[in-house]
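Asker: okay, here's the prediction I keep looking at, along with the sequence it came from:
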Amino acid sequence: MIYGHLNLPPPPPSPSSPSPLNPDKTSPTISSFLSFLWRLTPALPKQLFRVSHEQYDPETLLHIRWSGERYLIDFEGRILGQVQLKELREICRDLTGVPLGGLSLSYAGAMMKDDNAPLSCFGIKAGAKIIVHGIKPTPEQIKEMTTNGDPEEYALILRITNSLQKSRDFVEEHQSKYEQEVQDYIASKPAPFVMSSMPPARKKLHDYHGMLSELLLQALLALDGVACKPDFDVARVKRREAVKETQRLLDAMDAIHARVKESDRLARL
C-alpha cells in the first residue's frame, strides 16, 4: 500500500526575474526556460505533485482530505470496493494522528458508520474524495484529561462530553416551551376523547414528547455504544455520569408528559 502526502511545489522563478548568477542581466537563462515550460504544463500534474517516486494506480486510488491537508491512498491491486471501512479509518488515523475513537469519515456529504461494511456499500469508487472528521489532540490535552496518556481515551472522553452537552442543549431549548404548552392544555380543561380520534392540541403534545424522548433515547444508545478499555478509568467514569444525567433528562420529559396523561384520565371520570 502506498501513501502520499500531497503538497504543491514552489513555483519556479519568474522569467522576468534576474538570475541570481547574473543579477544585472535579463537575458534568457536556464531558470527562465524552466519557468516557460512550467507555464505550459497542465494544472493537474502540478496539483498532484508526489513526494514519492512510486506510481499510483488510478483504479485503486482514494483522495483523503483532513483539516486542509490532502493525501493519496493506493491499495495496490486490491478490489477497492471490498476494503472495509474499519481498515480505511485505521489508515486515516495513521495519516492524520486523529485517534480512532474520535475519527469519522464522510463521502458525498454522508457519514459512514458501519466499520465492517465494505466501501462499495457507501458507493465509493476509485478516485473518490473522502473527508476525515476529527481533532488531533496535543500531548498536553491528553495528559490533562487522561491518566494513562492514551489518545484513544482522550477521544472517547471528548465523544462522551459532546454527546452529553448536545442533550443538555436540546432539552434547554425545548423544555420550557414544552412545559408551557402542557400547562395551557391542562388549563383548557379538554373534553374526554379516545386515542383513535386525538384532538389536534393533544396530538401536538404527543408528538412533541415523542420527539424529545426519541433524541434522548438515541443519546443513551450512543453512550452505551462507547466501548471503554479496562484501563480507561476516566472515560468509564465520564460515560457512567453521562448516562445518569441523560436518563435524568429523559425522566424529566416523561414527568411532564405524565401530567398530560393524568389530565386525560381525570377528564374521563
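Answerer: Received the coordinates, thanks. Numbers count the residues shown, from 1 in each chain.

Asker: what ranges do the strands span in this protein?
Answerer: In the chain, the strands defined using DSSP state E lie at 2-6, 61-66, 69-74, 104-107, 110-112, 129-133.

Asker: name the helices or strands packed onto the second one?
Answerer: Applying 3 or more CB pairs under 8 Å, 6 or more residues apart in numbering; DSSP states H and E, one finds that strand 61-66 makes contact with strand 69-74, helix 85-96, strand 129-133. Using the backbone N, CA and C atoms, a C-beta is placed for each residue, glycine as well.

Asker: which residues are in contact with that strand?
Answerer: Strand 61-66 is contacted by residues 70-75, 80, 88, 92, 95-96, 98, 124, 126-134 when judged by CB atoms under 8 Å, 6 or more residues apart in numbering.

Asker: buried ones only from those, please, as a ChimeraX command.
Answerer: If you want just the buried ones from these in ChimeraX, going by 16 or more other CB atoms under 10 Å, the selection is:
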select :70,71,72,73,74,75,80,88,92,95,96,98,124,128,130,131,132,134
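
Asker: want to throw the helices and strands packed on strand 61-66 into JSON lines with distance to Lys177 and mean pLDDT?
Answerer: Shown next, in JSON lines, are these (distance: least, CB to CB, whole Å; pLDDT from 0 to 100):
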{"stretch": "strand 69-74", "distance to Lys177": "43", "mean pLDDT": "92"}
{"stretch": "helix 85-96", "distance to Lys177": "39", "mean pLDDT": "95"}
{"stretch": "strand 129-133", "distance to Lys177": "31", "mean pLDDT": "96"}
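
Asker: could the ones you listed go into JSON lines alongside distance to Glu140?
Answerer: Below are the helices and strands packed on strand 61-66 laid out as JSON lines (distance: least, CB to CB, whole Å):
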{"stretch": "strand 69-74", "distance to Glu140": "22"}
{"stretch": "helix 85-96", "distance to Glu140": "19"}
{"stretch": "strand 129-133", "distance to Glu140": "22"}
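
Asker: out of those, which gets nearest to Ala110?
Answerer: strand 129-133 (10.3 Å; CB to CB).

Asker: sheet partners, orientation included, of the closest one?
Answerer: The pairing partners recorded for strand 129-133 under DSSP bridges are strand 61-66 (parallel), strand 104-107 (antiparallel).

Asker: what's the most buried one of these?
Answerer: strand 61-66 (a mean of 19; mean count of other CB atoms under 10 Å).
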